[in-house]
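Asks: this one's structure only:
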């Protein structure tokens, strides 16, 4: 029988910021903008504390519309953040990013929660929201990488198709590297969390396989959709 997860005291939690302090010190010493890192860490703390309180309430709800509202908010924010590398073009491409994340992310989320996990009830917030967060964030990163690389390559590429191919490969580098490293170099979040909660490692491995497949699939579909939607009008497909 699994033991309850150990509660981390605030004093011990503070110890995890020692390596952060070292990095901030290096950034300050080298004049590389330590203020940005401090701001990012501050936002992270505030956001996670707030979301902890919100999810405490949401996880007890039996209202599917509330879960749908949370998912819509996550999609909206993820699509906006995905376009940060474009510097000025983001607002014009927002609908394309939103549609791409929705196509790749929502499809994968429904497949995993309703077919793989057989979630009951179908909108169970304790399963749907964490998995949606993983999927949408991964799709967001893939679109960011695809967009940045596509617009960097387009002026010097032989064709739209060539730039599109380079951009899609670049977008999939992080998740592909994770596929190579999982189990050998790293034990990713899902598996690590379950092992820390004393779940059988073989069971944890099955869940991690599910997670890696859903992340690769959602990233690839979302990036491919986005690159298709931003095709220049004067481009001719091969």
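Replies: It's in. None of these values were measured; they are calculated from a predicted model.

Asks: Show the contacting residues for the residue nearest the centre of the chain.
Replies: With distances taken as CA atoms, centre = their mean, residue 137 lies nearest the centre of the chain, 1.9 Å away. By CB atoms under 8 Å, 6 or more residues apart in numbering, the contact set of residue 137 is residue 78. All C-beta spots, glycine's among them, are computed from the backbone N, C-alpha and C.

Asks: Which helix or strand contains it?
Replies: In the assignment (DSSP states H and E), residue 137 maps to helix 125-153.

Asks: Mind checking what helix or strand follows that helix in sequence?
Replies: helix 160-171.

Asks: So, low pLDDT: which residues of the chain?
Replies: Along the chain, the parts satisfying pLDDT under 70 run over 1-6, 87-91, 184-190, 196, 234-238.

Asks: Walk me through the domains of it.
Replies: 8-58, 63-229 (automatic domain parsing).

Asks: how far does the longest one stretch from start to finish?
Replies: Between the opening and closing residues of domain 63-229 we find a distance of 34 Å, counting by CA to CA, to the nearest Å.

Asks: got the buried residues for stretch 80-97?
Replies: Using 16 or more other CB atoms under 10 Å as the test for burial, stretch 80-97 gives 81-83, 85-86, 90, 93, 96-97.

Asks: Quick one: end-to-end distance for that stretch.
Replies: Across stretch 80-97, first to last residue, CA to CA, it's 8 Å.

Asks: What separation do you get for residue 60 and residue 54?
Replies: 11 Å (CB to CB, to the nearest Å).

Asks: which of those two has more neighbours?
Replies: More neighbours surround residue 54 than the other of residue 60 and residue 54, with 12 against 9 (other CB atoms under 10 Å).

Asks: The more buried one: what's it in contact with?
Replies: Counting by CB under 8 Å, 6+ apart, residue 54 has no contacts.

Asks: Which residues belonging to the host helix or strand of it are considered buried?
Replies: Assigned by DSSP H and E, residue 54 belongs to helix 34-58. For helix 34-58, the neighbour count (16+ other CB under 10 Å) marks 34, 58 as buried.
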